[in-house]
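Colleague: model this:
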Amino acid sequence: MADGLVVGILPDADTANMAANVDVAIVTGMGQGRNVINILSSRVVIACGLGPGTLSEMALALKLGKPLIVLHSPQTLVAELSPLSSTPLVAVATIAEAIATTRRYLAS
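Modeller: Coordinates of the predicted model:
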């Protein structure tokens, strides 16, 4: 990763299943409850793909008023979520676009 720091908020009570690219591990032992920490600790949320955990984080971002960038998710999902959002919600097609959008949100 170029000029970045990867912080992992882990669902387990240890680092046994941690991804290799995590620089700083925060173990929680909270299972999926750690999703609340992920969202509350973020100024902008990027959701990539679509699974139950990602959906729960997207819902928390909407509920907690965090800007949400959606990458690789169905456009129909974004259309359904948009009326629920009080903050920016945007679908992007590439990682570069997600990074550029994040930078715009952080600058404002």
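Colleague: ok now the helix or strand bottoming out on mean pLDDT in the chain, how far from the chain's centre?
Modeller: When the helices and strands of the chain are scored by mean pLDDT, DSSP states H and E, helix 75-81 comes last with a mean of 85. Taking C-alpha atoms, centre = their mean, to the nearest Å, one finds the center of helix 75-81 at 17 Å from the center of the full chain.
Colleague: which residues are in contact with the nearest residue to Gly31 once chain neighbours are set aside?
Modeller: The spatially closest residue to Gly31, leaving aside those adjacent along the chain, is Pro11, at 5.0 Å (C-beta to C-beta, 6 or more residues apart in numbering). Placement of C-beta: from N, CA and C, glycine included. Counting by C-beta atoms under 8 Å, 6 or more residues apart in numbering, Pro11 touches Thr28, Gly29, Met30, Gly31, Gln32, Gly33, Arg34.
Colleague: for the residue lying farthest from the centre of the chain, phi and psi?
Modeller: In the chain, Ala16 marks the outermost C-alpha relative to the chain mean, sitting 22.2 Å out by C-alpha atoms, centre = their mean. Note on Ala16: its backbone torsions stand at phi -60, psi -40 [degrees, to the nearest 10].
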